[in-house]
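> would you be able to build a 3D model of this:
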Amino acid sequence: MDLVVTSAHELAMDINALKESAAAFIMAAQKILRDSRIIEKEFLTAELAMEKRRSMLSSPTGSRVLDELLLRGNSSGN
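Prediction:
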């Protein structure tokens, strides 16, 4: 379980490997856990979930504070 929750960067540093190789190890471990039904869905770390969320299209509400709360605003404050 520790392997599936680590970042590819951290693992690569720990095992002295390329980040891509570390990511492949992590994905393989996640697949093993899904196949054995230890975890039900695709596992995402909070960091990856935030990256996915930030890459989504957004539409501002017109309120900077609400946009920031909903993570929809842009950093320029428009």
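
> just the CA trace of the worst-scoring helix or strand of the chain on mean pLDDT, in PDB.
Least confident helix or strand of the chain, by mean pLDDT, DSSP states H and E, is helix 46-55 with a mean of 76. Extracted in PDB, the C-alpha atoms of helix 46-55 (Å, rounded to 0.1, in the frame of the first residue of the first chain):
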ATOM      1  CA  ALA A  46      -4.200  14.100  -3.600                       C
ATOM      2  CA  GLU A  47      -1.500  15.700  -5.600                       C
ATOM      3  CA  LEU A  48      -2.700  13.900  -8.800                       C
ATOM      4  CA  ALA A  49      -6.300  14.800  -8.000                       C
ATOM      5  CA  MET A  50      -5.400  18.400  -7.700                       C
ATOM      6  CA  GLU A  51      -3.400  18.300 -11.000                       C
ATOM      7  CA  LYS A  52      -6.400  16.800 -12.800                       C
ATOM      8  CA  ARG A  53      -8.700  19.400 -11.200                       C
ATOM      9  CA  ARG A  54      -6.500  22.300 -12.200                       C
ATOM     10  CA  SER A  55      -6.300  21.000 -15.800                       C
END
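
> show me which positions of it end up buried.
Buried residues in helix 46-55, counted by 16 or more other C-beta atoms under 10 Å: none are found. The way it works is simple: take the backbone N, C-alpha and C, and place the C-beta from them, glycine included.

> quick check: next helix or strand after that helix?
The helix or strand immediately downstream of helix 46-55 is helix 64-69, counting by DSSP states H and E.

> ends of stretch 10-27, how far apart?
14 Å (C-alpha to C-alpha, to the nearest Å).

> over to stretch 28-44?
Using C-alpha to C-alpha, the end-to-end distance of stretch 28-44 comes to 13 Å.
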